[in-house]
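Q: predicted model follows, preceded by the sequence.
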Amino acid sequence: MKKLLFVILLLAAASILAAHAQAQVIVIANPGVKATEVTKNDLRDVFTGASTALPGGGNVVPILLKAGTVHEEFLQAYIGKNDTAYRAGWRSLVFSGQASMPKSLETDAEVVAFVAHNTGAIGYIGKSTPHEGVKVLTVR
Amino acid sequence: MKRLFVGAMALVLGAVPAMAQSLEDLNIQIHGYATQGFLYTTQNNILTTSSSNGSPAWTEAVVNLTSQPTPKLRIGVQARYELLGNLGNAITLDWASADYKADERFGVRFGKVKVPSGLFNEIQDIDPSYTWALLPQGAYPITSRNSALSEYGSVVYGTFKLGAKAGKLEYRGWGGEVVMASDDGYFINQREEGISFTNGLSGVSYGGALHWRTPLAGLMVGVSDRKDNQWITAITDYNPGFAYYNLPTTLPGSEIFNAFNVPEVFAKYEKNKVMVAGEWGRLPVSGMVTLAYLPNQPFRADQRDWYGMATYKVTNKLTAGVYNSQMFDHQMALGPARYSKDWAISGRYDFNSFLYAKVEQHFIDGTAIGYDYSTNGVTPGTPSAAKYPTTRLTILKLGVSF
């Protein structure tokens, strides 16, 4: 009984941590992007190359982080793949002539700077990262 | 020249990721991949290699250059070096195209383009894209894939939303000319029988595909159909035995492929760690071989293939998979040459985002696919190009991509 309780507590802690981790990633977009909120499906379509637009119209261009906790959390929460599988999916599109590889940047600050100054750019950063000059999209 | 290309690829793969990044500033990207495979078989030799002795004659290298000068326009080119047994060993143009995407509902790509039929046709030659070392050969035969892989023409594509509860419908349409060189793997058994395709084979091909992204997240159901118009090509038939009949040893003629359709039905479901997919297709080919001095020889094949596959992501780096693939030629006489049944068990390990390895074991029954007379010491023209009805094939493959 005690073991069962321990396992339940452990699982509950893990799910709380996971939810907390998801809350630590925010999706940002260039102020020119018309959408203010997106569905998880729409976000996944853009970041997997299945779509180049969000509801409301206008082209969007996904910007990635190269690696790190924020990148892994974003993939876990919205794409459902790890980095290796995620980039393999993009390479399928690149090597079959269907897409170009999205730009990957080193730091959250670089993502903010790029998204702020490039029409249609959409990216993700840690919640605590300063993000002046971009808009935050609500993901539902 | 080819060794220089492979060597250059090795240098590029080792040193270019940084270069790839800096060229992004110019909206120009360079990507590539290379693979080295090793095949071992019991019983027969397969895929034109000496696999019964263990063969490393399976090498690929691809270089890709793309630019996106505007948000809606992308241009690119991809070159490939491929060696598989006695096939390839040449650098070819994989594709070269300009792609204009007006919006989600319409885009067009033209040049030398991949044909978007079936579940895997566009990516069947892109080894980093999937778990398997060999895709189900009934649907995607590696030695003759050039007949369906790409064409000179255009592809139109787009997506329509069907509403919140009906998912999305993706469409693709294509049309153009398929061109196969005279030394293509498609003709290997005929070549070994003495028939040469003087100018290769080319002809008009067009078709369409629909992919329904269903409301059930991860489930896609699709159909495609490809129509090849009548293709006619010049051939010669070399046979020293013709001299016995006071005929020239090399006879000129032509080979006519009647028009046919290639329908395919497929589905794929992906969720979390699991992928399940299946496909059914039909390839009915008929035609006539006409040679000077000899009666016309009709030919007919009616290949029906299907497969079911599943993969499971065991860990972040390790993926395991299994498939069963079957193909029957309903025009062939009864016997092992009429069919090919293949159970495959596969593992893929991704060391990191760039380097991976594959291990695969095949249990093949039947000799309809993948065998040639020469490497198996079988008299050309015999119904089965393999000596034995079953083959066990082990594949090891290492790949790097960036």
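A: Here it is on my side, so go on.

Q: what parts of the stretch 101-250 of chain B come near chain A?
A: Within the stretch 101-250 of chain B, the positions adjacent to chain A are B:101, B:103-104, B:109, B:113-114, B:122-123, B:126, B:128-129, B:159, B:217 by Cβ under 8 Å from any Cβ of the partner chain. Heads up, the C-betas are built off the backbone N, CA and C, glycines and all.

Q: what comes up buried for the helix or strand that contains residue A:110?
A: Per DSSP states H and E, residue A:110 falls inside helix A:108-117. For helix A:108-117, the neighbour count (16 or more other Cβ atoms under 10 Å in any protein chain shown) marks A:108, A:110, A:111, A:112, A:114, A:115, A:116 as buried.

Q: try stretch B:210-223
A: Neighbour counts over stretch B:210-223 (16+ other Cβ under 10 Å) mark B:211, B:212, B:213, B:214, B:219, B:220, B:221, B:222, B:223 as buried.

Q: how about the CA coordinates for the helix or strand residue B:39 falls within, as CSV?
A: Element membership of residue B:39 [criterion: DSSP H and E] is strand B:28-42. Once side chains and other backbone atoms are set aside, the C-alpha atoms of strand B:28-42 remain, and they are given as CSV (Å, rounded to 0.1, in the frame of the first residue of the first chain):
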residue,chain,number,x,y,z
ILE,B,28,21.1,29.6,-49.2
GLN,B,29,21.3,26.2,-47.6
ILE,B,30,23.5,23.2,-48.3
HIS,B,31,22.5,19.9,-46.9
GLY,B,32,23.6,16.4,-47.6
TYR,B,33,23.8,12.8,-46.5
ALA,B,34,25.8,9.7,-47.1
THR,B,35,25.2,6.0,-46.3
GLN,B,36,27.2,2.9,-46.5
GLY,B,37,25.5,-0.5,-46.4
PHE,B,38,26.6,-4.0,-46.1
LEU,B,39,24.5,-7.0,-47.3
TYR,B,40,24.8,-10.6,-46.5
THR,B,41,22.5,-13.4,-47.8
THR,B,42,22.1,-17.0,-47.5
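
Q: and it, what's buried?
A: Burial within strand B:28-42, assessed by neighbour count using 16+ other Cβ under 10 Å, is assigned to B:28-41.

Q: could you dump those residues to TSV with pLDDT and distance to residue B:390?
A: Converted to TSV, these look like this (pLDDT from 0 to 100; distance: Cβ to Cβ, whole Å):
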residue	pLDDT	distance to residue B:390
B:28	90	50
B:29	93	46
B:30	95	44
B:31	95	40
B:32	96	38
B:33	97	33
B:34	98	32
B:35	98	27
B:36	98	27
B:37	98	22
B:38	98	21
B:39	98	16
B:40	98	15
B:41	97	10
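
Q: could those residues go into JSON lines alongside distance to chain A?
A: Formatted as JSON lines, those follow (distance: Cβ to the nearest Cβ, whole Å):
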{"residue": "B:28", "distance to chain A": "10"}
{"residue": "B:29", "distance to chain A": "6"}
{"residue": "B:30", "distance to chain A": "10"}
{"residue": "B:31", "distance to chain A": "5"}
{"residue": "B:32", "distance to chain A": "9"}
{"residue": "B:33", "distance to chain A": "7"}
{"residue": "B:34", "distance to chain A": "12"}
{"residue": "B:35", "distance to chain A": "12"}
{"residue": "B:36", "distance to chain A": "17"}
{"residue": "B:37", "distance to chain A": "17"}
{"residue": "B:38", "distance to chain A": "22"}
{"residue": "B:39", "distance to chain A": "23"}
{"residue": "B:40", "distance to chain A": "27"}
{"residue": "B:41", "distance to chain A": "28"}
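
Q: the residue of chain A found nearest chain B and residue B:91: what is the separation?
A: The shortest separation between chain A and chain B is 4.0 Å, found at residue A:92 (distances taken as Cβ to the nearest Cβ). To residue B:91, residue A:92 is 22 Å away according to Cβ to Cβ, to the nearest Å.

Q: between the buried residues of stretch B:210-223, which sits nearest chain A?
A: Comparing every one of the buried residues of stretch B:210-223 with chain A (Cβ to the nearest Cβ), the shortest separation belongs to residue B:213, at 8.2 Å.

Q: isn't that closest one right up against residue B:161?
A: No: at 9.5 Å, residue B:213 does not count as touching residue B:161 under the criterion of Cβ atoms under 8 Å.

Q: who touches both of those two?
A: Common contacts of residue B:213 and residue B:161, defined by Cβ atoms under 8 Å, 6 or more residues apart in numbering or on different chains, comprise residue B:168.

Q: for residue 90, grab the count of nearby residues.
A: Looking at chain A here, since you left the chain open. The tally of other residues near residue A:90 (other Cβ atoms under 10 Å in any protein chain shown) stands at 20.

Q: wait, chain B
A: Number of residues near residue B:90 (other Cβ under 10 Å) recorded here: 14.

Q: shouldn't it be in contact with residue B:81?
A: Yes: proximity of residue B:90 to residue B:81 meets the contact threshold set by Cβ under 8 Å, at 7.3 Å.

Q: nearest residue to residue 48 in space, please, no chain neighbours.
A: Going with chain A. Sequence neighbours aside, residue A:89 is the residue nearest to residue A:48 in space, at 6.0 Å (criterion: Cβ to Cβ, 6 or more residues apart in numbering or on different chains).

Q: hmm, no, I was thinking of chain B.
A: residue B:85 (3.2 Å).

Q: any idea what residue B:73 is bridged to?
A: For residue B:73, the residues forming beta bridges with it (DSSP bridges) are residue B:70, residue B:100.

Q: which ones are touching the closest residue in space to residue A:84 that isn't next to it in sequence?
A: Taking Cβ to Cβ, 6+ apart as the measure, residue A:84 lies nearest to residue B:350, with 4.5 Å between them; neighbours along the chain are not counted. With contacts defined as Cβ under 8 Å, 6+ apart, residue B:350 is in contact with A:84, A:85, A:88, B:316, B:317, B:318, B:319, B:356.
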